[in-house]
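S.K.: Here is the input, now give the coordinates:
(one chain, ligands or ions: 2)
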Amino acid sequence: MSEPLVLGIETSCDETAVGIVRGRTLLANIISSSVEQHARFGGVVPEIASRAHLEAMQSVITQALAEAKVSLKDIDAFGVTAGPGLIGALLVGTSAASGLSLALDKPLYGVNHLSSHIAVDALDEKQILDPAIGLLVSGGHSSILKVADLASDVEVLGATIDDAAGEAFDKIARLLELDFPGGPAIDRLAQSGNSDAIDFPRGLTHANDLDEHLYDFSFSGLKTAVSRYLKQTPEAVRADVAASFQEAVVDVLLSKALSAAKAHGYESLIIAGGVAANSRLRSEATRRCEIAGIRLRTPPIGLCTDNGAMVAALTSLMVQAGASPSGVGFAADSSSGLERLLWR
Ligand code: KG4
Ligand code: ZN
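M.R.: Ligands and ions are numbered 1, 2, ... in the order given. Prediction:
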């Protein structure tokens, strides 16, 4: 099928999201978030997220179809996030997608959440989809992926061994008494700070860590160092702390991603996930990629966080590559990495 019309459903965490694409053209991207219902608990409550998905699903699908100006019977294939994610939340999405697939007699693809974060890059139709290193950095993930082919060959080279990058931003923001979510708040405060003011540690970059953790991340030592610095330095300039912390994160993320590109002979780097919105990460990535002769691919900020368009994008690539569908009845998997790109 040359330009399939694909509807993608994403419910792995607290966003009920539906995207519609035709080939690599984005037609609709509707998101309903339950984030406010979780705020007073200080984190996502799985049961609340699942219920919110159930309540929002029908209206999000209807809105997406209206935005794309298509009807359900026009859809050629359905895609849905099958893992990783919160199991109850995933099941709402996979059940909805299975129902649609059965009722309309159209193929269903259960796809991987991590690879769809990267696949959203394909929705820039001018983008050449050459093999790339993917740096996936959000509140839930920090991974370096080797993306030989978006639809069929994605491998995890490394991941965080403790907090995700976004989680680190959120925790440091709390120490600095900034608002949630912490990433944008630190980004803003850091603009007026000196990033060289404090030399915070770069986790897992020492020679003796590299044997075992070449492309892995650790942010817990950095968090401890910032916390200790704030306790020991009453006169600390908060903007300098924010800028120096941000610099340490950006430095480690880009050093490891670019060294992976070099080691594997890849000429492109894709940065995705909520932290890809960080202004320092974006400017420093541009600078370092230029020096290294690497082509930088960063999806628009609005498509970096969880959404349905990324699921539809990956599904569309799979349909175009001739992959056989999952069919209904596959089991969602909360803890999968990238062992599976497509569920069977
Ligand atoms: O991808 P995302 O919306 O949600 C998932 O984790 O799935 O990522 C949210 C994370 C939060 O931790 C937030 O603080 C971080 O992305 N973030 C940022 C920025 N904007 C959002 N971190 C650093 N700088 C930013 N400008
Ligand atoms: Zn995500």
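
S.K.: Might you enumerate the residues of this protein proximal to ligand 1?
M.R.: 13, 138-140, 166-167, 169-170, 181-184, 187, 273-275, 277-278, 305-306 (CB under 6 Å from any ligand atom). Every C-beta, even on glycine, is put in place using the N, C-alpha and C of the backbone.

S.K.: Mark which of those residues are buried, thanks.
M.R.: Buried by 16 or more other CB atoms under 10 Å: 13, 138-140, 166-167, 169-170, 182-184, 187, 273-275, 277-278, 305-306, out of the residues of the chain next to ligand 1.

S.K.: what mean pLDDT would you report for the top helix by length along the chain?
M.R.: Longest helix of the chain, by residue count under DSSP state H: helix 238-264. Here helix 238-264 scores 98 as its mean pLDDT.

S.K.: Now it: buried residues?
M.R.: 238-254, 256-261.

S.K.: Give me the distance between Leu303 and ligand 1.
M.R.: Counting by CB to the nearest ligand atom, to the nearest Å, the separation of Leu303 from ligand 1 is 10 Å.

S.K.: Gly166: which element?
M.R.: Here Gly166 is covered by helix 165-175, with elements defined by DSSP states H and E.

S.K.: how far out from the middle of the chain is the following helix or strand past that helix?
M.R.: Reading on from helix 165-175 to the C-terminus, the next helix or strand found by DSSP H and E is helix 182-190. With CA atoms, centre = their mean, to the nearest Å as the basis, helix 182-190 stands 19 Å off its chain's centre.

S.K.: Tell me the gap between the helix or strand just after helix 182-190 and the middle of its chain.
M.R.: Per DSSP H and E, the first helix or strand lying C-terminal to helix 182-190 is helix 207-213. Computed by CA atoms, centre = their mean, the chain-centroid distance of helix 207-213 equals 26 Å.

S.K.: Helix 207-213: what's the following helix or strand?
M.R.: Heading C-terminal from helix 207-213 (DSSP H and E), you reach helix 220-232.

S.K.: Mind giving me the packing neighbours of that following helix?
M.R.: Counting contacts by 3 or more CB pairs under 8 Å, 6 or more residues apart in numbering; DSSP states H and E, helix 220-232 is packed against helix 165-175, helix 238-264.

S.K.: May I have the residues that are in contact with Ile301?
M.R.: Shown in contact with Ile301 (CB atoms under 8 Å, 6 or more residues apart in numbering): 276-277.

S.K.: Quick check: chain neighbours aside, which residue is closest to Phe217?
M.R.: Setting aside the residues directly before and after it, Phe217 is nearest to Thr160 in space (CB to CB, 6 or more residues apart in numbering), at 4.3 Å.

S.K.: correct me, but the one you found touches Phe219?
M.R.: Yes - using CB atoms under 8 Å, Thr160 is in contact with Phe219, at 6.8 Å.

S.K.: higher neighbour count, the two?
M.R.: Phe219 (27 against 20; other CB atoms under 10 Å).

S.K.: Could you report the pLDDT at the more buried one?
M.R.: 96.

S.K.: now the one 3 residues further on
M.R.: Note for Leu222: predicted pLDDT of 96.

S.K.: how close does it sit to Ala243?
M.R.: 14 Å (CB to CB, to the nearest Å).

S.K.: do the same with Glu290
M.R.: 22 Å.

S.K.: try Phe200
M.R.: 10 Å.

S.K.: re earlier: now the longest helix of the chain against helix 220-232, angle please.
M.R.: For helix 238-264 against helix 220-232, the angle by axes from the mean of the first three to the mean of the last three CA atoms, to 10 degrees is 160 degrees.

S.K.: which secondary structure elements does helix 238-264 contact?
M.R.: Packed on helix 238-264, when contacts are counted by 3+ CB pairs under 8 Å, 6+ apart, are strand 132-137, strand 142-149, strand 153-159, helix 165-175, helix 182-190, helix 220-232, strand 268-272, helix 279-292.

S.K.: what packs against the third one?
M.R.: By that I understand strand 153-159. helix 113-119, strand 142-149, helix 238-264.

S.K.: Quick one: mean pLDDT for it?
M.R.: 95.

S.K.: on that earlier part again, so what sits against both of Thr160 and Phe219?
M.R.: Ser142.

S.K.: residues contacting Arg202?
M.R.: 222, 248, 251-252, 255 are the contacts of Arg202 under CB under 8 Å, 6+ apart.

S.K.: Closest one of the residues you listed to Ser336?
M.R.: Using CB to CB, Val252 is the member of those that lies nearest Ser336, at 25.5 Å.

S.K.: If we ignore the residues flanking it in sequence, what's nearest Gly182?
M.R.: Nearest non-adjacent residue to Gly182, counting by CB to CB, 6+ apart: Ala173, 2.4 Å away.

S.K.: Revised request: answer the last question for Leu150.
M.R.: Ala119 (4.8 Å).

S.K.: where's the one you found relative to Glu167, distance?
M.R.: Distance from Ala119 to Glu167, by CB to CB: 23 Å.

S.K.: Point out where the stretch 201-344 of the chain drops to low pLDDT.
M.R.: Along the stretch 201-344 of the chain, segments meeting pLDDT under 70 are nowhere present.

S.K.: give me the number of residues near Leu91?
M.R.: The burial count for Leu91: 18, using other CB under 10 Å.

S.K.: got a pLDDT number for it?
M.R.: 98.
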